[in-house]
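S.K.: Got a sequence here, can you model it:
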Amino acid sequence: MAGSSHKIFDPRALYDQHAARWVLVAAALGPDDSHISLVLLSVSATDDPNGAWHNYALDAMLDGTEPTNNWGDYPALGVDDVARYITRELFLNKKGSNSKVPHRYQ
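M.R.: Have a look, this model is predicted:
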């Protein structure tokens, strides 16, 4: 999970009416430009957002299952009766670069 020294940004929240759960997602970069890029995912244990949560840190530098030198930005959420979906933009992991790169999700 991301520590207090990570830069956490672009939070999103939605209610998954199919599973009766709250879902939160945010992007995070590692401390001191350490080339760590995460998507932080939290899912409520029940329909009560004041209760317990399950928290996950997903490697945003993966393109599908392939490691890259990219970082994930602007995560977004979607749900349907089958699954929860997370998307993100992938950018080259070079200081000062905002070049988009192709990406796929599995």
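
S.K.: Please make it C-alpha for all contacts and neighbour counts, starting now.
M.R.: Fine.

S.K.: And the closest residue to Ala52 other than its chain neighbours, how close does it get to Pro31?
M.R.: Leaving aside its chain neighbours, Ala52 sits nearest to Ala45 (5.5 Å; criterion: Cα to Cα, 6 or more residues apart in numbering). Ala45 sits 29 Å away from Pro31, going by Cα to Cα, to the nearest Å.

S.K.: strands paired with the helix or strand of the chain with the lowest mean pLDDT, and their directions?
M.R.: Least confident element among the helices and strands of the chain, by mean pLDDT, DSSP states H and E: strand 62-63 (a mean of 80). Take DSSP bridges as the rule and strand 62-63 pairs in its sheet with strand 66-67 (antiparallel).

S.K.: per-residue confidence for His103?
M.R.: For His103, the model assigns a pLDDT of 43.

S.K.: tally of neighbours for Leu29?
M.R.: Per other Cα atoms under 10 Å, the neighbour tally for Leu29 reads 22.

S.K.: ok, the residue nearest to it when sequence neighbours are not counted - contacts?
M.R.: Among residues not flanking Leu29 along the chain, Ser37 sits closest, at 4.7 Å (Cα to Cα, 6+ apart). Neighbouring residues of Ser37 by Cα atoms under 8 Å, 6 or more residues apart in numbering: Ala27, Ala28, Leu29, Gly30, Asp59, Ala60, Met61, Trp71, Gly72.

S.K.: export those residues to JSON lines and tack on secondary structure, pLDDT and distance to Asp81?
M.R.: Below are these laid out as JSON lines (DSSP: H, G, I helix; E, B strand; the rest coil; pLDDT from 0 to 100; distance: Cα to Cα, whole Å):
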{"residue": "Ala27", "secondary structure": "strand", "pLDDT": "91", "distance to Asp81": "25"}
{"residue": "Ala28", "secondary structure": "strand", "pLDDT": "91", "distance to Asp81": "28"}
{"residue": "Leu29", "secondary structure": "strand", "pLDDT": "87", "distance to Asp81": "31"}
{"residue": "Gly30", "secondary structure": "coil", "pLDDT": "82", "distance to Asp81": "34"}
{"residue": "Asp59", "secondary structure": "strand", "pLDDT": "89", "distance to Asp81": "25"}
{"residue": "Ala60", "secondary structure": "coil", "pLDDT": "87", "distance to Asp81": "25"}
{"residue": "Met61", "secondary structure": "coil", "pLDDT": "86", "distance to Asp81": "28"}
{"residue": "Trp71", "secondary structure": "strand", "pLDDT": "81", "distance to Asp81": "29"}
{"residue": "Gly72", "secondary structure": "strand", "pLDDT": "82", "distance to Asp81": "26"}
